[in-house]
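Enquirer: What follows is a predicted structure for the sequence shown.
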Amino acid sequence: MMISYFATYILLTLLFCSMSFITGIIISHRNVGPLYAFEKYLDYLLKGDREDKEKKLILRASDNFKQLEAVAEKLRAHFERHD
């Protein structure tokens, strides 16, 4: 009786921990990924020697911070005007 209780407890604990870990990874990628891509895009703009004038910041459909695409477009237009 006691062994089946502990086995069930350990199984449920491992299942909960696994689900929490996977959910945390997904949420963090949806938040950090766009910020990392935006940072890389800013580095690209600030380099000044832009070989690909039509490069745009495009985020995944499931990403958060989709407004960064509009901000990146405004920055690209600003830098093009001042080149």
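Expert: In hand now; what should we look at?
Enquirer: from here on, contacts and neighbour counts on C-alpha atoms
Expert: Will do.
Enquirer: for the protein, what spans make up the helices?
Expert: Remark: helices assigned in the chain by DSSP state H are 2-47, 67-81.
Enquirer: ok, of these, where does mean pLDDT dip lowest?
Expert: Among the helices of the chain, helix 67-81 has the lowest mean pLDDT, at a mean of 91.
Enquirer: Give me the contacts around it.
Expert: By CA atoms under 8 Å, 6 or more residues apart in numbering, the surrounding residues in contact with helix 67-81 are P34, F38, Y41, L42, L45, K56, L57, I58, L59.
Enquirer: now stretch 47-64
Expert: Contacts for stretch 47-64 (CA under 8 Å, 6+ apart): 29-31, 33-34, 37-38, 41, 44, 66, 69, 72-73.
Enquirer: Can I get the helices of the chain in JSON lines including mean neighbour count?
Expert: What follows is the helices of the chain, written out as JSON lines (neighbours: other CA atoms under 10 Å):
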{"stretch": "helix 2-47", "mean neighbour count": "13"}
{"stretch": "helix 67-81", "mean neighbour count": "14"}
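Enquirer: ok, now how distant is the residue positioned nearest the centre of the chain from K66?
Expert: Taking CA atoms, centre = their mean, the centroid of the chain lies closest to G33, which sits 1.9 Å from it. Distance, G33 to K66, by CA to CA, to the nearest Å: 11 Å.
Enquirer: what's the answer for A72, then?
Expert: 10 Å.
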